[in-house]
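Participant: Sequence first, predicted model second:
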Amino acid sequence: MSIPRKSLLAGFAGAALAIVGLLAVLIWIARRDQLPLIDRSIHDTSIELWKSAGPASYDIRVEVKGRQPATYEAHVRDAVTIRAARNGYPLQQARTLGTWSVPGMFNTIGYDVEAIDKSTAASPSHLTIRGEFDAEYGYPAQYRRIEWGANTEVHWQVTRFEVVSPETPVPRESNPDVPRPDE
């Protein structure tokens, strides 16, 4: 019993399409997160751009993904974080208030850069950091931190960055049940 030639060709064509589709998906998965590696030079260059071009007053929103996903907002006026919130709830502690300001994000990345710089051949770093920095102002637009062996990965991305005047009022928190500090 022989297989008709048309059936055989249709089978090969279907298999070829399936393989091409699978390859396309694999390439998409491999390329979807090809953020550049961050090293000391990139980090320091971005800080210098921020210092020279970054605004003193801005509102920023950062989406965090990983073990503790959240949305953070910081309202900075004249280089001082006036208000910050996590998922609409105000951050109250002074040590966390500036974490999601641009200098706070640079500090976070700086700790990881320092850890990688201190690694040696005998004690290699189990940390990979990748990211992108805004071309105009230099702020960290995306950051991915992967800690190998601990299976820990955190990714954050700036989803809103708005330059404002120092007199721009800071909006109320998005959670109406939370009183403003001045109320």
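Facilitator: Arrived safely.
Participant: Check the gap between the nearest residue to E153 once chain neighbours are set aside and R5 for me.
Facilitator: Of all residues not flanking E153 in the chain, I146 sits nearest, at 4.8 Å (CB to CB, 6 or more residues apart in numbering). Glycine gets a C-beta too; all of them are placed from N, C-alpha and C. From I146 across to R5, the span is 51 Å (CB to CB, to the nearest Å).
Participant: Look at these two and report which has more neighbours.
Facilitator: Using other CB atoms under 10 Å as the criterion, I146 and R5 rank with I146 on top: 16 against 8.
Participant: Quickly list what the more buried one is bridged to.
Facilitator: Beta-bridge partners for I146, by DSSP bridges, are T128, E153.
Participant: that older thread, please read off the pLDDT at the residue nearest to E153 from the model.
Facilitator: Per-residue pLDDT puts I146 at 92.
Participant: Would you confirm that it contacts G131?
Facilitator: No: with contact defined as CB atoms under 8 Å, I146 and G131 do not form a contacting pair (11.5 Å).
Participant: is it true that L22 lies in a helix?
Facilitator: Yes: remark: L22 belongs to a helix, assigned using DSSP: H, G, I helix; E, B strand; the rest coil.
Participant: so how many other residues sit close to it?
Facilitator: L22 has 10 neighbours, counted by other CB under 10 Å.
Participant: Can you list the low-confidence ranges for the chain?
Facilitator: 1-3, 8, 23-33, 173-183 (pLDDT under 70).
Participant: mind redoing it with 50?
Facilitator: Scanning the chain for pLDDT under 50 picks out 29-30, 176, 179-183.
Participant: gap between the residue sitting nearest the centre point of the chain and R40?
Facilitator: Residue closest to the average C-alpha location in the chain (CA atoms, centre = their mean): W156, at 2.5 Å. Between W156 and R40 the distance, using CB to CB, works out to 20 Å.
Participant: Please apply the same query to G149.
Facilitator: Separation of G149 from R40 (CB to CB): 23 Å.
Participant: And V62, by the same measure?
Facilitator: According to CB to CB, V62 stands 23 Å off from R40.
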